[in-house]
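A.B. asks: Dropping a prediction and its sequence here:
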Amino acid sequence: MVNLALAWAEQYQEIHPEVRLSVTGGGTGTGIAALINGSVDLANASRAIKPEEFEQAKQAGFMPVEFTVARDAIAIIVNPANPVSQLTLEQISQIYRGNIKNWKELGGEDRPIVSLSRETNSGTHVYFLETVVRLNNKKDKSIFSPTTLLLPSSEGIIAEVRDNPNAIGYDGLGYVTPEVKVIAVARDAESPYILPSVETVNEGIYPISRDLYIYTRGKPSGIKQDYLNWIKSAEAQKIVSQLGFVPIKPMP
Amino acid sequence: MTTTRPTSTQNLSLEKVLSLFIRLAGYLSVLYVSLICLFLLKEGLPALREVEGESLLGRVWYPIEGYFGILPLLMGSLVVTVGAALIATPLGVSTAVFISEVAPQWAKEVLKPLVEILAGIPSVVLGFIGILVLSPFFRQAMNLPTGLTAFTGAVLLGWAAVPTIASISEDALNTVPRAYREAAMALGATHWQTIWGVTVPAARSGILTAITLGLGRVIGETMAVMMVTGNAPVVPEGLQALFLPVRTMTATIASEMGEVAKGSTHYHVLFFIGITLFILSLIFNITAFALSARKIKRSERLLS
């Protein structure tokens, strides 16, 4: 979410030059930890706060308040030369668990599958773990295969997928560039294969989509409240679409 | 015999102040290192209490679900370090021999500073070159599943260690007395026979020191390995593991320290990894020191 946070901060400071906003990246886990430590006022998060983090916040003396500020879809990307164009959630899950190792098992070429992921501190990683690797089954304790490459940034994933025909990766729709090929995903073998887009996410038919949040220390007031209200406005949500994320319905 | 005395009281107090200052600076350095060491121990040793010994040395590293096996990380760091040493040692020593023994004076004056400049390239730039140039090249040239491997990391770090090894080896070679070379030539040895048979063996401890210090730098390298080794926490097995992705201890600490809650088990284990790295660096440095100390004693013996 760092691109989005930066764009919002830049725009807001142009309208309100008396307000100072500084944004740093580091993943959802880093942001929430910083909110609990007291070093930030707002934590952008691409996953919901965990119960342990909620407890830590209460122990630090505040209740985190959640605001849904945008939506995102996770796109599954492969190299443009890869003939495979569609996969079910089950197949993607098996790939990332390390059970499907060659593209020919999916109707592609005889090439080893190299799976790429974000690092464990990324909200995108945790979301993918729960929704795709574990197929939303809370009792499932599977984890990513240890051979999954954990790259430190979205740009790293795009660079490798763009160059390596064996690679498959995932990332937020906002980070996908035209240099890589997006896979159409189906909930199961009987459902239709859907490509991620603003429309399919807002209609709720793309299987891997999520809400993006901002957390505050207790109910926000003053400048923080103004900023959050502005984020829900049409002007800020236009920035959301420009960056390739999915805008929430703006406040009337 | 007259005793020398400072001619003015000003000189005496200036000298006292300066020597006090220098002594203080020395003690402060020791204090800083001790404090760092204590901090690491304080934050890292609880990991031994919180995670059972055998799972800490386990083969699975997935900290957000409670898997704290550091074996893949330890082996990953070692594979990349040893690989880098195997690449950097011949290159570094040969460069040193060339600059010290073979190159003409004008070339020496150009090459020595160039080597020093190479040492100054930031590791993030190296990582960038690795991910955009080296990694695709290796993937295609060696038909690997991916170019983000231990090998790519080793090549990059080897390149980063060459200036350290070359520079210190070259100093060691320069310290070999002219008498050795002249004696060899007087006995009829050719230039190359002198270099490899007499000069290099005489500078052996200095060269070993150079290699050990180069290794000490390599094992602590973070940014470059984080960008090119793939960061997959697999335990490397067999020679082919060199051409597969690995995850180093340094990359793990850099990637994960930001997200941990202070005082959690994950936090303690990351500091435990820090302790392991600290001990490995200490081993490298003590070895280098022991080797160079040996050298002083030997040359004193031979030249007295």
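C.D. replies: Cool, the structure landed.
A.B. asks: alpha carbons only for contacts and neighbour counts from here, please
C.D. replies: OK.
A.B. asks: ok, residue B:170 - contacts?
C.D. replies: B:93, B:96-97, B:99-100 (CA atoms under 8 Å, 6 or more residues apart in numbering or on different chains).
A.B. asks: Spell out which parts of chain B neighbour chain A.
C.D. replies: With CA under 8 Å from any CA of the partner chain as the criterion, chain B meets chain A at residues B:60-62, B:64, B:132, B:136, B:145-146, B:226-227, B:230-234, B:245, B:255-256, B:258-261.
A.B. asks: Just the ones of these in strands?
C.D. replies: B:61-62 (DSSP state E).
A.B. asks: Which residue ranges of chain A form helices?
C.D. replies: A:2-15, A:28-37, A:51-60, A:89-97, A:123-128, A:154-163, A:198-202, A:223-231, A:234-242 (DSSP state H).
A.B. asks: ah, wrong one, I meant the stretch 51-200 of chain B
C.D. replies: Taking DSSP state H, counting those that start in this stretch as the test, the helices found in the stretch 51-200 of chain B are B:53-56, B:71-97, B:105-119, B:123-129, B:135-142, B:150-175, B:178-186, B:191-194, B:200-202.
A.B. asks: can you redo those helices as a markdown table with distance to residue B:20?
C.D. replies: Output for those, formatted as a markdown table (distance: least, CA to CA, whole Å):
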| stretch | distance to residue B:20 |
| --- | --- |
| helix B:53-56 | 46 |
| helix B:71-97 | 39 |
| helix B:105-119 | 34 |
| helix B:123-129 | 38 |
| helix B:135-142 | 53 |
| helix B:150-175 | 31 |
| helix B:178-186 | 40 |
| helix B:191-194 | 48 |
| helix B:200-202 | 39 |
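A.B. asks: Single out the most deeply packed of these.
C.D. replies: Comparing the helices of the stretch 51-200 of chain B by mean neighbour count (mean count of other CA atoms under 10 Å in any protein chain shown), helix B:150-175 ranks first with a mean of 25.
A.B. asks: Extract the residue ranges of the stretch 201-304 of chain B that are flagged as low pLDDT.
C.D. replies: Of all residues in the stretch 201-304 of chain B, those with pLDDT under 70 make up the ranges B:294-304.
A.B. asks: Show me the helices in it, by range?
C.D. replies: B:204-219, B:223-228, B:249-256, B:265-303.
A.B. asks: ok, residue A:174 - how many residues close by?
C.D. replies: 20 (other CA atoms under 10 Å in any protein chain shown).
A.B. asks: OK, contacts around it?
C.D. replies: A:72, A:243-245.
A.B. asks: Excluding residues flanking it in the chain, which one is nearest it?
C.D. replies: residue A:244 (4.1 Å; CA to CA, 6 or more residues apart in numbering or on different chains).
A.B. asks: Which one of the residues in the stretch 1-150 of chain A is closest to chain B?
C.D. replies: Using CA to the nearest CA, the single residue of the stretch 1-150 of chain A nearest to chain B is residue A:30, 3.9 Å away.
A.B. asks: check contacts around the residue nearest to that residue when sequence neighbours are not counted.
C.D. replies: Once flanking residues are discounted, residue A:30 sits nearest to residue B:259: 3.9 Å by CA to CA, 6+ apart. When contacts are counted by CA under 8 Å, 6+ apart, residue B:259 touches A:26-31, A:33, A:121.
A.B. asks: Next up, phi/psi of residue A:183, please.
C.D. replies: Per-residue torsions, residue A:183: phi -90, psi 140 (degrees, to the nearest 10).
A.B. asks: dump the residue contacts of it.
C.D. replies: Applying CA under 8 Å, 6+ apart, the residues near residue A:183 are A:75-78, A:84-87, A:195.
A.B. asks: mind checking how far it is from chain B?
C.D. replies: Remark: distance between residue A:183 and chain B (CA to the nearest CA, to the nearest Å) = 20 Å.
A.B. asks: And residue A:230, by the same measure?
C.D. replies: 28 Å.
A.B. asks: next one: residue A:174
C.D. replies: Distance, residue A:174 to chain B, by CA to the nearest CA: 22 Å.
A.B. asks: Kindly report the same for residue A:171.
C.D. replies: 16 Å.
A.B. asks: next one: residue A:245
C.D. replies: For residue A:245 relative to chain B (CA to the nearest CA), the value is 24 Å.
A.B. asks: Over to residue A:211?
C.D. replies: Applying CA to the nearest CA to residue A:211 and chain B gives a distance of 21 Å.
A.B. asks: Any idea what that residue is bridged to?
C.D. replies: Residues in a beta bridge with residue A:211, per DSSP bridges, are residue A:71.
A.B. asks: Phi, psi for residue A:189 please.
C.D. replies: Torsion angles, degrees, to the nearest 10, at residue A:189: phi -60, psi -20.
A.B. asks: That one and residue A:91 touch, don't they?
C.D. replies: No. If you go by CA atoms under 8 Å, residue A:189 and residue A:91 don't touch, sitting 9.6 Å apart.
A.B. asks: ok, the two, which is more surrounded?
C.D. replies: Legend: neighbour count by other CA under 10 Å for residue A:189 and residue A:91, higher for residue A:91 (20 against 13).
A.B. asks: show me where pLDDT drops low in the stretch 51-200 of chain A?
C.D. replies: The stretch 51-200 of chain A contains no residues with pLDDT under 70.
A.B. asks: go with 80
C.D. replies: Along the stretch 51-200 of chain A, segments meeting pLDDT under 80 span A:123, A:174, A:198-199.
A.B. asks: sorry, back to before: for the residue of the stretch 1-150 of chain A closest to chain B, the count of nearby residues, please.
C.D. replies: Neighbour number of residue A:30 under other CA under 10 Å is 24.
A.B. asks: residues touching it, list them.
C.D. replies: Contacts of residue A:30 by CA under 8 Å, 6+ apart are A:121, B:258-260.
A.B. asks: Tell me how many other residues crowd residue B:237.
C.D. replies: By the criterion of other CA under 10 Å, residue B:237 has 10 neighbours.
A.B. asks: OK, contacts around it?
C.D. replies: Per CA under 8 Å, 6+ apart, neighbours of residue B:237: none.
A.B. asks: Could you measure from residue B:248 over to residue B:234?
C.D. replies: 10 Å (CA to CA, to the nearest Å).
A.B. asks: whoops, residue A:119 was the one
C.D. replies: Using CA to CA, residue A:119 is found at 15 Å from residue B:234.
A.B. asks: Which residue is the nearest non-sequential neighbour of residue B:232?
C.D. replies: Closest to residue B:232 by CA to CA, 6+ apart is residue A:149, at 4.7 Å.
A.B. asks: Quick check: bridge partners of the one you found?
C.D. replies: residue A:116.
A.B. asks: can I assume it is in contact with residue B:234?
C.D. replies: No. The criterion here is CA under 8 Å, and residue A:149 misses it with residue B:234 at 9.9 Å.
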